[in-house]
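S.K.: just need the structure, nothing else, for what follows:
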Amino acid sequence: MRISVVGSINMDMTVKTARIPAKGETVKGEDLTYIPGGKGANQAVSMAKLGANVEMFGCVGEDATGKQLCENLEQYGIGTAQIKTVGQVPTGLALITVGEQDNTIVVVAGANDYVTIPYIESIKEELLKSELVLLQHEIPEETVEYVIDLCYEAKIKVILNPGPARKVKPEYIEKASFLTPNEHEAAILFGTDQSLEELVKEYPEKLVITKGKEGAILSDNDKNVVTIPAGKAAVVDTTGAGDTLNGAFAVQIANGNSVIESLRFATIAASLSTEKFGAQGGMPTYEEVVRKMK
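M.R.: Residues are numbered from 1 along each chain as shown. From the prediction side, this is the model:
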């Protein structure tokens, strides 16, 4: 069984501060580190650490950073043969401020903007060998739509994690097997006229809305709203918690588990990921999640 990720590959420049600065404010940083990241790559690592067979599809620049990031994926056993190196373009970069048990992120797309429809055409044969495909919004919108169309026609499950937030056309909400926004992203996608509970009832066992330390909610097929609490954690860094959740959810769905049980597993995995610094470094193994659940 292969799970594929089509998405971003970034280097994260992460700085720790006592608190996240307000607009126009300067605060003192305690540390600066360079950590492999990108929502796509993070989710691939999350799944690989949980034991999944993962293939990464995306683009890096023809620079030392791009080579380093591919080697990082390979050390987790993730397939990188389909990653394209783009000349004269820098590898993607994310600027992350960590403070007050939260974070802010600015993304510079770089080579991620070259995850285009022609690129997807060039790797389509390999992509369609997948049993499940995980997508995010750090690559061009038309590429996300094209991949959803391909997978829909091939009857391959798709999880769309719509972050960073942008509108999703109704037909692609319908074609995606699962949609996993956080509260902010859900407001961008659907507006604020309805409560989160009303929203998930409209898309039973499809729409999962994550709520950080409050866990996540969804509706079952009988339109009963189910709240899945987050696991207790001694929080160090929340960066990558959402990516951990999406990766863990994808693995459990691909393994044939129910949506609710998959989400229970995923929220525990996400809580564990916050107890260590860095997005990928804190992601738990399958055994660690099972132990925590017990």
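S.K.: outside of the helix or strand where residue 226 lies itself, list whatever touches it.
M.R.: Residue 226 is located in strand 225-228, with elements delineated by DSSP states H and E. Strand 225-228 has contacts (CB atoms under 8 Å, 6 or more residues apart in numbering) with 197, 200-201, 215-220, 260, 263-264, 267. Where C-beta positions appear, they are placed from N, C-alpha and C, glycine not excepted.
S.K.: figure out the length between the terminal residues of stretch 146-166.
M.R.: Stretch 146-166 has an end-to-end distance of 16 Å (CA to CA, to the nearest Å).
S.K.: now that stretch: buried residues?
M.R.: Buried residues in stretch 146-166, counted by 16 or more other CB atoms under 10 Å: 146-148, 150-152, 156-163.
S.K.: could you do stretch 187-196 as well?
M.R.: For stretch 187-196, using 16+ other CB under 10 Å, the buried residues are 188-190, 196.
S.K.: how about the helices in the stretch 1-150 of the chain?
M.R.: With helices called from DSSP state H, counting those that start in this stretch, the stretch 1-150 of the chain shows them at 39-49, 64-75, 117-127, 141-154.
S.K.: what angle do the longest one and helix 117-127 make?
M.R.: Read that as helix 141-154. On the basis of axes from the mean of the first three to the mean of the last three CA atoms, to 10 degrees, helix 141-154 is oriented at 30 degrees to helix 117-127.
S.K.: just to revisit the earlier point, now the element after the strand holding residue 226, going C-ward?
M.R.: Once the chain leaves strand 225-228, the next helix or strand it forms, by DSSP H and E, is helix 241-254.
S.K.: between helix 241-254 and the helix or strand just after that next one, find me the angle.
M.R.: Using DSSP H and E, the helix or strand that follows helix 241-254 in sequence is helix 259-273. Using the same axes, to 10 degrees, the inter-axis angle of helix 259-273 relative to helix 241-254 is 140 degrees.
S.K.: emit the ChimeraX select command for whichever of the contacts of strand 225-228 are buried.
M.R.: Buried residues among the contacts of strand 225-228 (16+ other CB under 10 Å), as a ChimeraX selection:
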select :200,201,215,216,217,218,219,263,264,267
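S.K.: and the contacts of strand 225-228, which is closest to residue 207?
M.R.: Ranked by distance to residue 207 (CB to CB), these are led by residue 200 at 5.1 Å.
S.K.: pretty sure that closest one sits in a helix.
M.R.: Yes. Residue 200: assigned to a helix according to DSSP: H, G, I helix; E, B strand; the rest coil.
S.K.: contacting residues around it?
M.R.: 207-209, 217-219, 225.
S.K.: pLDDT wise, what is it at?
M.R.: What the model reports for residue 200 is a pLDDT of 97.
S.K.: excluding its backbone neighbours, what's nearest it?
M.R.: residue 219 (4.2 Å; CB to CB, 6 or more residues apart in numbering).
S.K.: hmm, back to that, min pLDDT across the contacts of strand 225-228, which one?
M.R.: Across those, the member with the lowest pLDDT is residue 215, scoring 90.
S.K.: state the distance from that residue to residue 30.
M.R.: Between residue 215 and residue 30 the computed distance is 30 Å (CB to CB, to the nearest Å).
S.K.: circling back to that earlier point, any chance of the contacts of residue 200 in JSON lines, plus secondary structure and distance to residue 50?
M.R.: Formatted as JSON lines, these follow (DSSP: H, G, I helix; E, B strand; the rest coil; distance: CB to CB, whole Å):
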{"residue": "207", "secondary structure": "strand", "distance to residue 50": "23"}
{"residue": "208", "secondary structure": "coil", "distance to residue 50": "18"}
{"residue": "209", "secondary structure": "strand", "distance to residue 50": "22"}
{"residue": "217", "secondary structure": "strand", "distance to residue 50": "23"}
{"residue": "218", "secondary structure": "strand", "distance to residue 50": "20"}
{"residue": "219", "secondary structure": "strand", "distance to residue 50": "26"}
{"residue": "225", "secondary structure": "strand", "distance to residue 50": "27"}
